[in-house]
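Asker: Need coordinates for the below:
(one chain, ligands or ions: 1)
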Amino acid sequence: MSKFWSPFVSTLVPYVPGEQPKLTKLIKLNTNENPYGPSPKALAAMRAGLTDDLRLYPDPNSDLLKQAVATYYGVQPNQVFLGNGSDEVLAHVFNALLRHDKPLLFPDISYSFYPVYCGLYGIEFDAIALDEQFQICVEDYARPNGGIIFPNPNAPTGCLLALDAVEQMVTANPDSVVVVDEAYIDFGGETAISLVDRFPNLLVTQTVSKSRSLAGLRVGLAVGHPDLIEALERVKNSFNSYPLDRLAILGATAAFEDRQYFERTCKAVIDSREVLIKQLEAKGFEVLPSAANFIFARHPQHDAAGLAARLREQGVIVRHFKQERIAQFLRISIGTPEHNQALVDGLGDL
Ligand code: PMP
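Answerer: Residues are numbered from 1 along each chain as shown. Okay, the predicted model is just below:
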């Protein structure tokens, strides 16, 4: 606290990201990164971009990448918005589309950045409880609201809301923007981007951080009706005209163009997820059904914080949240088969 702060700074409760340890020997299963590197074509495109052109500002509209994303999803470039990671895209979404008088709705167990953005922009919210099975119930969102947002698959549960239920949510709330945060959709879900041409109130966000293994590049995107995109562009161009640098535009474009590598690595993650779930269930864990590159698991006889500490001693880090309803769960990112085996071995005999 300092007398130089703007008054509202002391009211902020910032997001706390998962640990990025300096010790390189640790096996990181705590922040849902992809264990397989980015597409070699993405790396080559960025190497080719290391030229004197870096003295010039990048294209403020990132047209090359907008076109690649539009082609990939079969939409028009004016239906695509880009930002510095989907976190930045979400920040602009909260400001441009979810800042209304009525409360914003999102699940009580959900991405913990949502309440942080609400604090930043002064948005009232109602956290809607997931059901006993940790699922989103569309009927529970039938109440006055200034917008709805949820991750699909949800984080940190990994549970998927089927596409027809997403459509129900969008249909039932024609006067609000419904934002589907699809950071993890490529690991087992079906994107709602197929619905955007029919629903002007639907916005879908995605990222290259997970399924395209480019968390270090910071590129996220939103797809929706051009009117929604225009609102986002207005906020973006009142904040930072150049959120994507030259290398990010080149790397992310090449990543979207390399479907083969993308499909192969997603499949590898999905396959090892299914193996890991069986191994953990054999040890007595209850694992929620996951369509993501992580699983959410609890052991009826062992305290989650204790298990996380035990794993850390074995050189494996996983994520534990203190929030009451999920305090007995561990969120475990899917690694390579070797990483996953180290996790299973690190748990020892339960
Ligand atoms: N949405 C969800 C649900 C997430 O878990 C994350 C990753 N922490 C993000 C969005 C943001 O990812 P990024 O900024 O790397 O695109």
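Asker: switch to C-alpha atoms for all contacts and neighbour counts from now on
Answerer: Fine.
Asker: host element of Thr205?
Answerer: Secondary structure from DSSP states H and E places Thr205 in strand 202-207.
Asker: if we look at that strand, which residues are touching it?
Answerer: Defining contact as Cα atoms under 8 Å, 6 or more residues apart in numbering, one finds that strand 202-207 is touched by 85-86, 89-90, 170, 177-184, 192-193, 195-196, 219-225, 228.
Asker: Inside helices: which ones of these?
Answerer: 85-86, 89-90, 170, 228 (DSSP state H).
Asker: which of those residues sit farthest apart?
Answerer: The most widely separated members of the ones in helices among the contacts of strand 202-207 are Gly85 and Val170, with 24.7 Å between them, by Cα to Cα.
Asker: Quick one: residues contacting the nearest residue to Gly119 once chain neighbours are set aside.
Answerer: Excluding its sequence neighbours, the residue lying closest to Gly119 (Cα to Cα, 6 or more residues apart in numbering) is Leu12, at 6.2 Å. Going by Cα under 8 Å, 6+ apart, Leu12 touches 116, 119-120.
Asker: Name the nearest residue to Val166, sequence neighbours excluded.
Answerer: Nearest to Val166 is Ala192, by Cα to Cα, 6+ apart, at 7.4 Å.
Asker: Tell me the residues of the stretch 151-300 of the chain that contact the ligand?
Answerer: 151, 155, 181, 183, 207, 209, 215, 220 (Cα under 6 Å from any ligand atom).
Asker: Can I get those in JSON lines including neighbour count?
Answerer: Formatted as JSON lines, these follow (neighbours: other Cα atoms under 10 Å):
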{"residue": "Pro151", "neighbour count": "26"}
{"residue": "Ala155", "neighbour count": "24"}
{"residue": "Asp181", "neighbour count": "24"}
{"residue": "Ala183", "neighbour count": "25"}
{"residue": "Thr207", "neighbour count": "28"}
{"residue": "Ser209", "neighbour count": "23"}
{"residue": "Ala215", "neighbour count": "19"}
{"residue": "Gly220", "neighbour count": "24"}
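Asker: Sort out which of those residues are in strands and list them.
Answerer: Those of those mapping onto strands are 151, 181, 207, 220, per DSSP state E.
Asker: In the stretch 251-350 of the chain, where is pLDDT below threshold?
Answerer: Applying pLDDT under 70 to the stretch 251-350 of the chain flags no residue at all.
Asker: Helices along that one, start to end?
Answerer: 259-282, 304-313, 337-347 (DSSP state H, counting those that start in this stretch).
Asker: export those helices to JSON lines and tack on distance to Glu324 and mean neighbour count?
Answerer: Formatted as JSON lines, these follow (distance: least, Cα to Cα, whole Å; neighbours: other Cα atoms under 10 Å):
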{"stretch": "helix 259-282", "distance to Glu324": "23", "mean neighbour count": "16"}
{"stretch": "helix 304-313", "distance to Glu324": "12", "mean neighbour count": "18"}
{"stretch": "helix 337-347", "distance to Glu324": "23", "mean neighbour count": "17"}
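Asker: out of these, nearest to Asn61?
Answerer: Using Cα to Cα, the nearest of the helices of the stretch 251-350 of the chain to Asn61 is helix 259-282, at 23.6 Å.
Asker: if I pick Val219, what's in contact with it?
Answerer: Applying Cα under 8 Å, 6+ apart to Val219 gives the contacts 82-86, 207-209, 244, 248, 252.
Asker: Same question for Tyr184.
Answerer: 152-153, 206, 210-211, 291-293.
Asker: Equivalent analysis for Val223, please.
Answerer: Neighbours of Val223 in contact, by Cα under 8 Å, 6+ apart: 79-81, 193, 196, 203-205, 229.
Asker: Tell me the one among those nearest to Pro300.
Answerer: Thr205 (35.2 Å).
Asker: so what's the closest one closest to, chain neighbours aside?
Answerer: Leaving aside its sequence neighbours, Thr205 sits nearest to Ala222 (Cα to Cα, 6+ apart; 4.2 Å).
Asker: measure the one you found to the ligand for me?
Answerer: According to Cα to the nearest ligand atom, to the nearest Å, Ala222 stands 11 Å off from the ligand.
Asker: same check, this time on Ser290
Answerer: Ser290 is 14 Å from the ligand, by Cα to the nearest ligand atom.
Asker: okay but that residue is in contact with Leu160, surely?
Answerer: Yes. Between Ser290 and Leu160 there is a contact under Cα atoms under 8 Å: 7.1 Å.
Asker: Mutual contacts of those two, please.
Answerer: The contact lists of Ser290 and Leu160 share Pro153, where a contact means Cα under 8 Å, 6+ apart.
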